[in-house]
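A.B. asks: next come a sequence and a model predicted from it.
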Protein chains: 2
Amino acid sequence: MSDLVDLLREGLPEAAVVVDPDVTAAYRQDMAGFCESGAPAVLVFPDTVEQVRHVLRSATALRVPVVPQGARTGLSGGANAVDGCILLSLVRMNRILEIDPVNRIAVVEPGVVNAELSRAAGAHGLTYPPDPSSWESCTIGGNIGTASGGLCCVKYGTTSEYVLGLDVVLADGELLRTGRRTAKGVAGYDLTRLLVGSEGTLGVVVGATLALRPTPPPQLALAAEFPSTEAACAAVCAVMEAGYTPSLMELMDTVSVRAVNALAQMGLPDSTAALLLIAFDTLDPVADLAAAGEICTAHGATEVVPAADSAESELLLQARRLSLTAMDRLGTTMVDDVAVPRSALAAMISGVAEIAERFDLTIGVVAHAGDGNTHPVVVFDADDPDETARARESFDAIMALGLDLGGTITGEHGVGLLKRDWLARELGPVGLELQRRVKAAFDPLGLLNPGKVL
Amino acid sequence: MSDLVDLLREGLPEAAVVVDPDVTAAYRQDMAGFCESGAPAVLVFPDTVEQVRHVLRSATALRVPVVPQGARTGLSGGANAVDGCILLSLVRMNRILEIDPVNRIAVVEPGVVNAELSRAAGAHGLTYPPDPSSWESCTIGGNIGTASGGLCCVKYGTTSEYVLGLDVVLADGELLRTGRRTAKGVAGYDLTRLLVGSEGTLGVVVGATLALRPTPPPQLALAAEFPSTEAACAAVCAVMEAGYTPSLMELMDTVSVRAVNALAQMGLPDSTAALLLIAFDTLDPVADLAAAGEICTAHGATEVVPAADSAESELLLQARRLSLTAMDRLGTTMVDDVAVPRSALAAMISGVAEIAERFDLTIGVVAHAGDGNTHPVVVFDADDPDETARARESFDAIMALGLDLGGTITGEHGVGLLKRDWLARELGPVGLELQRRVKAAFDPLGLLNPGKVL
């Protein structure tokens, strides 16, 4: 270990190499539950590409595993330490190097916080759409690692759609540049998109060229209360089938509605079986909301409340934004992330309710309904071993249900440690074998974030 | 060769295995110039996935190279035969298996023609945006192979944005399924997007799940004449910087304008140095066109002609659609495909004019201006060896210019055979080495479309 620290200090400032176990322990894990973490050998905070290369060269020379980290807001254990590893925090590489309004691109370091980029782009009339819930703290490097989504994806897609090019330090310290600054380009294999979502297992992102978009008009939202989740999901499908593309379409089940009511008294009737939030950022959001509201009513909504302006819209969306905090009050929570085809959303949510009953647990569901991306939140008492075991089992049952419905074990949080055992079930043996060969092509010694994803 | 044909016939219908050299010779190449092609051993037309697997298993057993083909409308030699290969035509696998309006997806076989999918989607109020110029004949499999673009990309992106999942037969005949039917998903590495644009060198696409979009309103276009390409390019940048996103923004230089005039008498003044076509498919295209027209005038446009309706718009766009045909009348043509950042478009086009002068050639430029994607069309006399040599050299000079301006050697046509020598210049040694390792991970024996891309 001392050899490693000595070697790291040859290329890093004194203060950038941290061995104090009290400090390194604080960086051991991200925000996922049910995931173990090991004891890191050292925590480093490089602030240049050259320093990152030195870290990787050192790791390769001494065969030490490297775990890259951003803000550690991840929900799958992808940033958790393994024993004896170098924790490589990119948070000090946090400069926005360029915002170019003509070409609509931004060039950033990986530690830039998502919200800071959004604000900087906003000053040019531009926006960086991907908006994970943690956007005020999560980093662009972390977003790239997990191909993060958010509320806007139903209209604007995920991080994958916005990464044009990457600077990546490979396991051996070589610097790879992928992609381009141009709107289009097909020279060679699309390694950029292969790296997006690879959770730090193929290389360490040290720079990114991102696409920006013109800022859309402010969105206007409605809230619709439904007597059943089936009715709400039918409305979701009907809105999409009618050709509308909302900028947001979120669903909360009765468990999450009641949890929010208990926390914040938002005036939602406890009898609400499902609350659907729909927003448009079109040129005529009033007309689009009216049409969507009519579709909700036709599908049984008992009340439809359209906002009069964007301030009122934000109030309506508060219920959704508070839902995870509200469920945290009920006990220890475990957030799942299963996406199914939109048409299977009702079956997914009712299946989760059955799973909750079967395992005698509280499970609330919030969903990016327009994308079919559900976040079942399992609530349990972490001091009760039996309930904890049932929570873990219910989590697996939820993933199995998602696969049975033609879905995926993870819509936007990533595989990390949490879902590693499940990846093979989704990919099958041919897919898994090929993924392993791709990993070996990038990281033949297996030093980059070992034990994650594959 | 006889062993090969015997083996192929064990798993393919008699009529699906063609050895008549007159027939196989007709399938030797795509539409690229300057690209050699070899003599195929056999041409096969499988119509099931199982038959394709048999072809690949046979190829691996006998170590015979395989060249996949769609409609052979490609412009980089990516579908050209190599000596002794199996030409694997996917055109008989041309069924649209499913169009699902709720989930906005289509499931297709690779031989489906782009326009047929567009029409089938249209019947459900949906559209498949990627629209290469060859859309009436090119196949979805070919589009996936080259990550095809088209006129709509400035607003709607390329094929890469629309492929959710793939069924792929690997070199050894194994069937790989990548991706998903869901809107989002991050389970494992994004092999789907790695395969899009891989030009048949990593696997053979036998099925695709594609994202569809609601059909937008009909687009309304304007034509603006400029006294210089610099002025037209400045207008392009100003329109984008002002936050507009046209559904089409195409530029023709004076050479292409005159060629079209000579062919079709479209009433364009021969004095036009640059013609800019801008279209919007927004809710209020008249207002957007008026604003874009004012920007054109402010940047020196001598005439701005907005269409009154979509029929008039199509008439205006005819000039652009006829441009390659018109230049074909001037001699043998060679279409290049260099994309630069939008802000470098003026420098790119004036640089091409200098190259034309230096090599004493006619080179017309049409460009997907909104994307910075230029198609310089080199016109030469193929019976004149000296002029042919100069044409080849000018082609290289154009790629070098694109790279100097921060661009890419290919925006949408692919590397194929044509630009293989140039790929290393764009990717550099680290990128090239990694691309080769990815190729080896998929195709360790090097049997899939050898000599293409890498």
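C.D. replies: Sure thing, it's come through.

A.B. asks: how close does the closest residue to A:Val49 other than its chain neighbours sit to A:Asp190?
C.D. replies: The shortest distance from A:Val49 to any non-neighbouring residue, by C-beta to C-beta, 6 or more residues apart in numbering or on different chains, is to A:Val206 (4.8 Å). Backbone N, C-alpha and C define where each C-beta goes, glycine included. Per C-beta to C-beta, to the nearest Å, A:Val206 is found 19 Å from A:Asp190.

A.B. asks: on that earlier part again, strands paired with the strand or helix carrying the residue nearest to A:Val49, and their directions?
C.D. replies: Using DSSP states H and E, A:Val206 sits in strand A:204-211. In the sheet, strand A:204-211 lines up against strand A:105-108 (antiparallel), strand A:163-169 (antiparallel) (DSSP bridges).

A.B. asks: who touches the nearest residue to A:Thr146 once chain neighbours are set aside in this structure?
C.D. replies: Distances taken as C-beta to C-beta, 6+ apart put A:Gly414 closest to A:Thr146, at 4.0 Å, once the chain neighbours are dropped. Applying C-beta atoms under 8 Å, 6 or more residues apart in numbering or on different chains to A:Gly414 gives the contacts A:Gly74, A:Leu75, A:Ser76, A:Gly78, A:Gly145, A:Thr146, A:Ala147, A:Gly197, A:Glu199, A:Val453, B:Val186.

A.B. asks: thought the first one was touching A:Ala32?
C.D. replies: Same thing as A:Gly74. Yes - shown here, A:Gly74 and A:Ala32 form a contact pair, counting by C-beta atoms under 8 Å, at 6.5 Å.

A.B. asks: what sits in contact with each of those two?
C.D. replies: A:Gly416.

A.B. asks: now the helices for chain A?
C.D. replies: A:2-9, A:21-26, A:49-62, A:114-122, A:140-146, A:153-156, A:191-195, A:229-241, A:254-264, A:285-298, A:310-328, A:345-358, A:385-404, A:420-442 (DSSP state H).

A.B. asks: show me what the second one packs onto, helices and strands only.
C.D. replies: Pointing back at helix A:21-26 there. Where contact means 3 or more C-beta pairs under 8 Å, 6 or more residues apart in numbering or on different chains; DSSP states H and E, helix A:21-26 is packed against strand A:42-44.

A.B. asks: same check, this time on the shortest one
C.D. replies: Applying 3+ C-beta pairs under 8 Å, 6+ apart, one finds that helix A:153-156 contacts strand A:248-253.

A.B. asks: need the residues that contact the strand it packs on.
C.D. replies: A:151-152, A:154-155, A:219, A:221, A:229, A:232-233, A:236, A:239, A:260, A:273-279, A:317, A:319-320, A:323, A:345, A:349, A:353, A:364-370.

A.B. asks: domains of chain A?
C.D. replies: A:2-89, A:96-214, A:220-404 (automatic domain parsing).

A.B. asks: how about the residues of the stretch 51-200 of chain A near chain B?
C.D. replies: Contacts of the stretch 51-200 of chain A with chain B, taken as C-beta under 8 Å from any C-beta of the partner chain, map to A:100-105, A:125, A:146-147, A:149, A:153-154, A:157-158, A:160-161, A:170, A:174-178, A:180-191, A:193-194, A:196-198.

A.B. asks: of the residues you listed, buried ones?
C.D. replies: Neighbour-count burial (16 or more other C-beta atoms under 10 Å in any protein chain shown) applied to these gives A:100-101, A:103-105, A:146-147, A:149, A:153-154, A:157-158, A:160-161, A:170, A:174-178, A:180-191, A:193-194, A:196-198.

A.B. asks: who's more crowded, A:Gly74 and A:Ala32?
C.D. replies: Between A:Gly74 and A:Ala32, counted using other C-beta atoms under 10 Å in any protein chain shown, the more crowded position is A:Gly74 (28 against 24).

A.B. asks: OK, contacts around the residue lying closest to the more buried one once chain neighbours are set aside?
C.D. replies: Leaving aside its sequence neighbours, A:Gly74 sits nearest to A:Asp30 (C-beta to C-beta, 6+ apart; 4.0 Å). A:Asp30 sits next to A:Gln69, A:Arg72, A:Thr73, A:Gly74, A:Leu75, A:Ser76, A:Gly77, A:Gly78, A:Ala79, A:Asn80, A:Gly416 when contact means C-beta under 8 Å, 6+ apart.

A.B. asks: gap between the first one and chain B?
C.D. replies: Read that as A:Gln69. 18 Å (C-beta to the nearest C-beta, to the nearest Å).

A.B. asks: so, low pLDDT: which residues of chain A?
C.D. replies: Counting by pLDDT under 70, chain A has low-confidence residues at A:1.

A.B. asks: quick check, A:Ser58 in contact with A:Gly11.
C.D. replies: Yes - A:Ser58 is in contact with A:Gly11 according to C-beta under 8 Å; the separation is 7.3 Å.

A.B. asks: compare the two (neighbour count), which wins?
C.D. replies: A:Ser58 (25 against 19).

A.B. asks: one step back: tell me how far the strand holding A:Val206 lies from the chain's centre.
C.D. replies: Averaging C-alpha positions (C-alpha atoms, centre = their mean, to the nearest Å) puts strand A:204-211 17 Å from its chain's average.

A.B. asks: got the angle between it and helix A:114-122?
C.D. replies: 30 degrees (axes from the mean of the first three to the mean of the last three C-alpha atoms, to 10 degrees).

A.B. asks: tell me which residues are up against strand A:204-211.
C.D. replies: For strand A:204-211, using C-beta under 8 Å, 6+ apart, the contacting residues are A:49, A:52, A:56, A:66, A:68, A:88, A:90, A:93, A:97, A:104-110, A:117, A:128, A:140-141, A:144-145, A:161-169, A:175, A:179-181, A:183, A:195, A:448.

A.B. asks: the contacts of A:Gly414 into TSV, with extra columns for distance to A:Glu426?
C.D. replies: Formatted as TSV, the contacts of A:Gly414 follow (distance: C-beta to C-beta, whole Å):
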residue	distance to A:Glu426
A:Gly74	19
A:Leu75	18
A:Ser76	14
A:Gly78	17
A:Gly145	19
A:Thr146	16
A:Ala147	15
A:Gly197	14
A:Glu199	15
A:Val453	12
B:Val186	11
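
A.B. asks: what's the closest of those residues to A:Val430?
C.D. replies: Set against A:Val430, the nearest of these by C-beta to C-beta is A:Val453 (17.0 Å).

A.B. asks: so who does the nearest residue to that closest one once chain neighbours are set aside touch?
C.D. replies: Nearest residue to A:Val453 in three dimensions, chain neighbours excluded: A:Val415, at 4.7 Å (C-beta to C-beta, 6+ apart). Going by C-beta under 8 Å, 6+ apart, A:Val415 touches A:Ser76, A:Gly78, A:Glu199, A:Ile409, A:Trp422, A:Leu423, A:Lys452, A:Val453, B:Val186, B:Ala187, B:Gly188.

A.B. asks: residues near the residue lying closest to A:Cys35 once chain neighbours are set aside, how many?
C.D. replies: Computed as C-beta to C-beta, 6+ apart, the closest residue to A:Cys35 that is not its neighbour in sequence is A:Gly77, at 3.1 Å. For A:Gly77, the neighbour count with other C-beta under 10 Å is 26.
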